[in-house]
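> here is my input; please provide its structure:
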Amino acid sequence: MRIIKISVMRGPNYWSIKRHKLIAMVLDLADLGNLPSNEINGVRARLSAMFPCMLNRRGGVGRIGGRLQRVRAEMLMGHVVEHIALEIQTLAGMDTNFGCTRAFGEKGVCNVVFAYHEEQVGVYAAKASVRIAESLVANEPYDLSGDIGRMRELGEEAHLDPGMSEIISEAASRGIPWFQLSKNSLFQLGYGTNQERIRLSLASRKAGVREGLACDSEATNHPLKQSLLHVPNGESATSVLNRLYPPGRDFRIPIISVTGTNGKTTTSRLVAHLFRVNGYTVGHTMTDGIYIQDRLMESGDCAGPQSAQFVLKDPTVTVAVLETARGGLLRAGLGYAECDVGIVTNVEEDHLGEDGIREIRQMAKLKGVVADSVRRGGYAILNADDDLVYRMGDRLKCNVALFSMDEHNPRIRQHAREGHLSAIYENNSITLCKGEEKLRVAKAMDVPLTMGGRAVFMIQNILPAVLAAYVSGMEIGEIEAALTSFFPSVAQTPGRINLFRFREFTVLLDFAHNAAGFKALKHLVDRMDGTPKVGIVAGLGDRRRKDNMAIGRIAAEMFDEIILRQDKDLRGKTEEEIIAMVREGIAQVKPMMPLTIIASEDDAISHAIRSASKGSLLVICAGFVPGAVELVMRLHAAEDQ
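Numbers count the residues shown, from 1 in each chain. This next block holds a predicted model:
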């Protein structure tokens, strides 16, 4: 057996919305992959001898002895590992019951998922369970007591002081979110500007607020607006929490989570803009970085749970707008228990074949974690034009608002008849529908992001953003004013339809990187002037052959000439393999397409701009957006010198 990866879930996740503390282990069982435990000589007997108490555990069949009964029922070895991981945690004093084992999509490989109480104990249990299973198969002796002893030690190291444990338990029972900020018992209750930070003090200690803060770098990253409360030993959890959060005081801030295959970055940027210009202090995470208001706090791909928690820990933030990407959800789940508004823009065939997500229905389940995590009374904002996204609403217990590019969409009409909220594109306008009452927000051509109405795919991003603002209490006039001050520019939407007008030609830079994105871009390019239309495009090493061919086909339909470049990270394939896939797609549409291959993105951009003909339109499908934007701006500035 070989452990490929161990991931620690710390919030709602692909495997469970309610069970936040899960270990997800990708395990290669090799030749044991399809071999039931009852066909491995002696494994069941050795398992019973090593874990006799399994007979008294409740298992998946819901009765005493269920755990061992499941193991005896011709179970595959992945399931055996799962149940061993649960059992050894129980023997170490941390009783756990939930687990599941699912196919990964590769021969002999499976996902083994199980609950944990303490993170380090769970990780240890994952590794130990594989060692134990291997010893059972090989009929070799194993020192189980050593593992149990070490897990108890790890549990003790992570165990909270009883007084603080009581406070945290009481907070959790009231729905108050919390973070442990440091190893020496500094905790945060609540989010953003509504947070409080506490530390349990010895009765004899009378440390001042500033002394306490100075000991913790995490506590001093931002200028705290509130005091650090030192809680004397013996003070009841109820009195502490009543003092911090008396009746009527909120401990949360609005959280707007945005996910989807395409459009999530632009949608989240627009949502953040809507809140910011209307007086909120916005914490914003996305694939370009973390922002508090307009200040970049950290650059890079920051659309995961750690970045979300960075924002929620900031004491100045009054609203959090969190782009939620596929990778972070698979790696650790959401960084919070629930959101107030969850937007799902679409689900397309992108990133399939990665991390065990092989089918689009699995991708929809993954993206659906955001919708499933909307609190009761909150809003899931779903794309009524996307079958997979629309069906997410069937299982939700929160409010559902729909958006559609088709005013005649029967789903929208039914939604309206039932008195619910939606946003549609009708008569070239962005319109809110409260039941069957219609409220005109703005003409599409008056919203700069649509490029005079030509960038129709941007309207698909505007509609859910408008809904998010409206359900959060903004007036129509406030929304309209904010829309007219948001531009498709390097400053506000870097890498998303950024237009540069050189003296004799035009450059359009966009992050289109999959078939759906290319189709949307083609719709815009077809409506733009310029001859010839030259595209700089690339395939991706972690995409399937059919995906890269689709990029080639759409590019051939969109452009008169193509420059093929490569990303720096080939992601598992050779340069020649990726080029061949895209070229095959191009040849299916235009076998004689003028084609130039320049591997470096910078070299491809420089060549295209320096050789551009008068009246041409150069479209750059950028891989590394900051570098591409900086290069184009530099070449544009050089033209004026």
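> all strands for the stretch 401-550 of the chain, in order.
421-426, 429-434, 437-443, 498-501, 506-510, 533-537 (DSSP state E, counting those that start in this stretch).
> partners of the shortest one, with directions?
Neighbouring strands of strand 498-501 in its sheet, by DSSP bridges, are strand 506-510 (antiparallel).
> okay, now the unreliable bits of the protein?
The model of the chain has pLDDT under 70 over residues 33, 37-39, 55-75, 184, 201-227, 233.
> list the buried residues of stretch 342-357.
Within stretch 342-357, the residues that count as buried by 16 or more other CB atoms under 10 Å are 342-352, 354-357. Placement of C-beta: from N, CA and C, glycine included.
> who's residue 619 bridged to?
residue 508, residue 535.
> which residues sit against stretch 483-499?
265-266, 269-270, 273-274, 277, 288, 430, 441-442, 446-449, 451, 455, 458, 462, 466, 506-511, 524, 622, 625-626, 628-629, 632-633 (CB atoms under 8 Å, 6 or more residues apart in numbering).
> in it, what counts as buried?
In stretch 483-499, counting by 16+ other CB under 10 Å, buried: 483, 486-488, 490, 492-498.
> same question, stretch 559-572
Judged by neighbour count (16+ other CB under 10 Å), stretch 559-572 contains these buried residues: 559-567.
> what's the neighbour count on residue 520?
Using other CB atoms under 10 Å, the number of residues around residue 520 comes to 21.
> which ones are touching the closest residue in space to it that isn't next to it in sequence?
Leaving aside its chain neighbours, residue 520 sits nearest to residue 457 (3.6 Å; criterion: CB to CB, 6 or more residues apart in numbering). Residue 457 is in contact with 263, 520-521, 523-524, counting by CB under 8 Å, 6+ apart.
> could I have stretch 99-111 exported to PDB, CA atoms only?
The C-alpha trace of stretch 99-111 is given here as PDB (Å, rounded to 0.1, in the frame of the first residue of the first chain):
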ATOM      1  CA  GLY A  99     -16.100   7.200   7.700                       C
ATOM      2  CA  CYS A 100     -16.500   6.400   4.000                       C
ATOM      3  CA  THR A 101     -14.300   4.900   1.300                       C
ATOM      4  CA  ARG A 102     -14.800   5.800  -2.400                       C
ATOM      5  CA  ALA A 103     -13.200   5.000  -5.600                       C
ATOM      6  CA  PHE A 104     -10.600   7.500  -6.800                       C
ATOM      7  CA  GLY A 105     -10.900   6.800 -10.500                       C
ATOM      8  CA  GLU A 106      -7.600   5.000 -11.000                       C
ATOM      9  CA  LYS A 107      -7.100   1.300 -10.700                       C
ATOM     10  CA  GLY A 108      -6.400   0.200  -7.200                       C
ATOM     11  CA  VAL A 109      -6.600   3.700  -5.800                       C
ATOM     12  CA  CYS A 110      -9.300   4.900  -3.300                       C
ATOM     13  CA  ASN A 111     -10.300   7.800  -1.100                       C
END
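> where does it sit relative to the chain's centre, distance-wise?
22 Å (CA atoms, centre = their mean, to the nearest Å).
> which residues are contacting that stretch?
Outside stretch 99-111, the residues that reach it (CB under 8 Å, 6+ apart) are 4, 15, 24-34, 60, 76, 78-79, 81-83, 85-86, 112-115, 353, 356, 358.
> can you tell me how far residue 287 sits from residue 361?
24 Å (CB to CB, to the nearest Å).
> quick check, nearest of the buried residues of stretch 342-357 to residue 369?
Proximity of the buried residues of stretch 342-357 to residue 369 (CB to CB) peaks at residue 342, which lies at 8.9 Å.
> sec struct for the closest one, please.
The local conformation at residue 342, judged by DSSP: H, G, I helix; E, B strand; the rest coil, is strand.
> that one against residue 368, yeah?
No. Contact between residue 342 and residue 368 fails when scored by CB atoms under 8 Å: they sit 9.3 Å apart.
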